[in-house]
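**Q** Provided below for reference: sequence and predicted model.
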Amino acid sequence: MKKLSLFVLLFSAMTSLMIAQEKMDKKMDKKMEMKEVTISGEIIDVKCYLGGMMGGKGEEHEECAINCIKGGLPVGILEDKTENVYTAVPKKGMKGANDELVDYAAKKVKLTGMIMEKGGQKLFVYSKVEGVK
């Protein structure tokens, strides 16, 4: 009886480990599926855009956006195609988004990087910035 109980216990433990490993493998596969993309849109300060202050976008909002971004408020990109708002985050090792993107406030850019979503927040982890004329 003891041998049977030990066998059942070991079998259960091994099954649990196999299930846990499979879940980890799926998570890793999902992370590896992330592909680099390029999106086009306007650089915005997220606070004013979401709060609707002074329209929150466009040329008429440029000075306010610059001040907000310089003041440390979150900077984002309003994607042209989908009108999704992504908080802009630089790839590791790059200058901070506020310093890097303030010169593009209220202007169109192309950002190259990866889209991530966590806890309902949409982030764009960029590796390249190009102004659009």
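**A** That came in fine, so what should we check first?

**Q** so which helix or strand takes in Y126?
**A** strand 121-131 (DSSP states H and E).

**Q** what does V89 give?
**A** Here V89, judged by DSSP H and E, is contained in strand 85-90.

**Q** hmm, back to that, what is the strand holding Y126 packed up against?
**A** Using 3 or more CB pairs under 8 Å, 6 or more residues apart in numbering; DSSP states H and E as the contact criterion, the elements in contact with strand 121-131 are strand 85-90, helix 97-101, strand 108-118. (Glycine included, C-beta is placed from N, CA and C.)

**Q** Identify the neighbouring strands of the longest one in the sheet and state each direction.
**A** With DSSP bridges as the test, strand 108-118 is paired with strand 37-45 (antiparallel), strand 121-131 (antiparallel).

**Q** got the buried residues for it?
**A** 108-109, 111, 113, 115 (16 or more other CB atoms under 10 Å).
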